[in-house]
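Colleague: quick one, structure for this:
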Amino acid sequence: MRSKISKDALTANEINAIWSAFMKNSMEIRFLEYFLETAEDFEIRKIIRKMLNHRMKDIECINNILVQENITVPLGFTDDDVCTEAAKIFSDNFILFFCYDLVLFSISVLSNALIDCVRYDIREYFQTSLEHNIEMQNIIIEIKISKDVYLSFPKVAIDNEVDLVDKMNFLKGIFGDKRPINVGEIANLSKIIDRAQFSKMVFVVFSKISKTHHISQHFNKGRDETQRVLDVLTHVLDEENIPISSSSDYQISDIETSPFSDKLMLFFVNMCLGMFCFTMIAQASTSCLRNDLILKISKISNDLKFYYLDGVKLSIKEGWLERPPQSINK
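Modeller: Below is the predicted model of the structure:
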């Protein structure tokens, strides 16, 4: 059965998953190469090296699959998109947070790809890669705890009584008395806040090191959009007296030479920050039941859609957006 499945033509889902994985790994390799050259902490360097080695193997495996299936290998990102000789501008903790975000994004993407794929060799690739990233998640969490930089999610006292909802005001939040926020809502809002804190930090850094004024302005706009998300959602949790952790260890040194191309940074923003952001928003939309929260999340989603659409348009205008494989025009 395995040999038969492995010879079947790839489905559209499998081609999309493999092609997207090539682009993702190509991007991550460039960031990790620079981080490996500039990180000073031994444990963090060990993490970077392990991630980099695995992604190099990943991209070689994907390249072989694409060639065997007669699918054009993407250009992706090359040595021209990173300057590993550039001076160190990020703190080691910044680098650790960045690597952790790459891992979390990978787990999200790879688990979805594994669901979509059927052919044995493709599933084997995604399963192996997913297992690696889960291992890295565990390692990074332990290191963040040991360095006292782990940002804990809220801890709340809960009512342990079994209770069934018997009134429609359970859904109310705009008019009249509103119930306390529940743990599902706390969990999803706090994840969005945590993500927004990291995203804002990235936007601030990218705007400073961008070589092009209009690209820098786009990152500044992303910073402002993200701050609005933080203002809205932290206000919700503040009203409920629910504390949110945050980090200020995102300092960057003076910049003489930018280590990353604008193309690389814009792709990271569009793909990693954008896609992961909407994944979390979708989860929150399905779990939040208070109508005031639903309206807030809906507005956040709509505002961010316009911003990330502008990012895609900018990639097209600059000639940076690679077209994914498409079906033959019949």
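
Colleague: let me know the secondary structure of the residue lying closest to Glu69 once chain neighbours are set aside.
Modeller: Spatial nearest neighbour of Glu69, excluding adjacent residues (C-beta to C-beta, 6 or more residues apart in numbering): Leu10 at 5.7 Å. (Glycine included, C-beta is placed from N, CA and C.) Here Leu10 is coil, with the state taken from DSSP: H, G, I helix; E, B strand; the rest coil.

Colleague: so Leu10 makes contact with Asn16?
Modeller: No: Leu10 lies out of contact with Asn16 (C-beta atoms under 8 Å); the separation is 9.5 Å.

Colleague: the more surrounded of these two?
Modeller: Leu10 (21 against 16; other C-beta atoms under 10 Å).

Colleague: can you report phi and psi for that one?
Modeller: When read as degrees, to the nearest 10, the backbone of Leu10 gives phi -70, psi 140.

Colleague: contacting residues around it?
Modeller: 18, 69, 71, 119, 122 (C-beta atoms under 8 Å, 6 or more residues apart in numbering).

Colleague: change it to 10 Å
Modeller: With contact set as C-beta atoms under 10 Å, 6 or more residues apart in numbering, Leu10 has these partners: 16-18, 65-66, 68-69, 71, 117-119, 121-122, 325.

Colleague: same check on Lys200?
Modeller: With C-beta under 10 Å, 6+ apart, Lys200 has these contacts: 222-227, 229-230, 250.

Colleague: could you rerun that using 6 Å?
Modeller: Applying C-beta atoms under 6 Å, 6 or more residues apart in numbering to Lys200 gives the contacts 223, 226.

Colleague: quick one: pLDDT of it?
Modeller: pLDDT recorded at Lys200 is 91.

Colleague: just say helix, strand or coil for it.
Modeller: The assignment at Lys200 comes out as helix when based on three-state DSSP.

Colleague: any low-confidence regions in the protein?
Modeller: 1-7, 153-177, 246-254, 328-330 (pLDDT under 70).

Colleague: what ranges do the helices span in the stretch 101-250 of the chain?
Modeller: Assigned by DSSP state H, counting those that start in this stretch, the helices in the stretch 101-250 of the chain fall at 120-146, 183-209, 213-239.

Colleague: among those helices, which is the most enclosed?
Modeller: helix 183-209 (a mean of 20; mean count of other C-beta atoms under 10 Å).

Colleague: so that helix versus helix 213-239, what angle?
Modeller: 150 degrees (axes from the mean of the first three to the mean of the last three C-alpha atoms, to 10 degrees).

Colleague: distance between helix 183-209 and the chain's centre?
Modeller: Relative to its parent chain, helix 183-209 has a centroid offset of 10 Å by C-alpha atoms, centre = their mean, to the nearest Å.

Colleague: then stretch 101-117?
Modeller: Counting by C-alpha atoms, centre = their mean, stretch 101-117 is centred 10 Å from the centre of its parent chain.

Colleague: buried set for that stretch?
Modeller: 101-110, 113-114, 117 (16 or more other C-beta atoms under 10 Å).

Colleague: same question for stretch 70-79.
Modeller: For stretch 70-79, a neighbour-count test (16+ other C-beta under 10 Å) marks 74, 76-77 as buried.

Colleague: same thing with stretch 321-330?
Modeller: Buried positions in stretch 321-330, judged by neighbour count with 16+ other C-beta under 10 Å: Leu321.

Colleague: likewise stretch 284-301?
Modeller: Buried residues in stretch 284-301, counted by 16+ other C-beta under 10 Å: 284-285, 287-290, 293-294, 296-297, 300.

Colleague: taking these together, which two end up most distant?
Modeller: Leu289 and Ile300 (16.9 Å; C-beta to C-beta).

Colleague: excluding chain neighbours, what is closest to Leu96?
Modeller: Ile44 is the one closest to Leu96 (C-beta to C-beta, 6+ apart), at 5.4 Å.

Colleague: just checking, that neighbour touches Phe97?
Modeller: No: taking contacts as C-beta atoms under 6 Å, Ile44 lies outside contact range of Phe97: 10.5 Å.

Colleague: more crowded one of those two?
Modeller: Using other C-beta under 10 Å as the criterion, Ile44 and Phe97 rank with Phe97 on top: 23 against 20.
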